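Asker: the amino acid sequence is not available; the structure is as follows:
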Ligand code: IMP
Ligand code: MG
């Protein structure tokens, strides 16, 4: 294991169990609708989870990406939503959006983004997150589908980064605090 890591928190087997469980729930919930399902991945942290969900949801759907952040360079949330890549569609009235996120921390990103997409006229807006740190919430927010609730630790891997590093790890691991406090 990389020496910057304290421990593996979610290993590859557990991630695949989560992907299978959530994909089945999504398949059951969205089947038989007249509307179009759109998986909307939030760049960059969700890409690995998104790719796994895409191959396990047993329904037709389209994909798109947005790049938004409520984070500065460090590991503490700043609170305001910044859109750097917007959704490339005008008419969302026939679209059920399922936002795919890596982790919920303060809740600000998903709370603001959900509001934004509803105002743009989406038929529905739901969210799936791999990880949730409810003890860090600053605004009330609950995802529709949650992979795993975790304690207040800074985690990396399976898409999640610290300063753009560690996204390629196949598991989710706790980063040693020395790495981000130095
Ligand atoms: P929120 O708006 O505070 O909920 O921020 C969620 C975003 O913060 C996620 O999409 C991640 O990009 C980032 N984030 C929060 N906690 C972690 C973590 O433990 N590791 C890596 N990124 C994190
Ligand atoms: Mg993110």
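Answerer: Ah, there it is. As the structure is a computational prediction, the values presented were derived from the model and not from experiment. Ligands and ions are numbered 1, 2, ... in the order given.
Asker: other SSEs contacting whichever helix in the chain runs longest?
Answerer: What stands out as the longest helix in the chain, according to DSSP state H, is helix 12-30. Judged by 3 or more CB pairs under 8 Å, 6 or more residues apart in numbering; DSSP states H and E, helix 12-30 is in contact with helix 47-54, strand 95-104, strand 124-132, strand 145-149. Quick note: C-beta positions are derived from backbone N, CA and C, even for glycine.
Asker: change it to 7 Å
Answerer: Secondary-structure packing of helix 12-30 (3 or more CB pairs under 7 Å, 6 or more residues apart in numbering; DSSP states H and E): helix 47-54, strand 124-132, strand 145-149.
Asker: and the shortest one, how far out from the chain middle?
Answerer: Distance, stretch centre to chain centre, for strand 145-149: 10 Å (CA atoms, centre = their mean, to the nearest Å).
Asker: buried residues of that strand, list them for me.
Answerer: Using 16 or more other CB atoms under 10 Å as the test for burial, strand 145-149 gives 145, 146, 147, 148.
Asker: on that earlier part again, next structured bit after the longest helix of the chain?
Answerer: strand 36-43 (DSSP states H and E).
Asker: can I assume residue 160 is in contact with residue 129?
Answerer: No: using CB atoms under 7 Å as the test, residue 160 is too far from residue 129 to be in contact (11.4 Å).
Asker: any common contacting residues for these two?
Answerer: Counting by CB atoms under 7 Å, 6 or more residues apart in numbering, the residues touching both residue 160 and residue 129 are residue 103.
Asker: what parts of the chain come near ligand 1?
Answerer: Within reach of ligand 1 by CB under 6 Å from any ligand atom, the chain has these residues: 45, 70-71, 77, 101-109, 154-156, 160.
Asker: just the buried ones among these, please.
Answerer: Buried members of the residues of the chain next to ligand 1, scored by 16+ other CB under 10 Å, are 45, 70-71, 77, 101-109, 154-156, 160.
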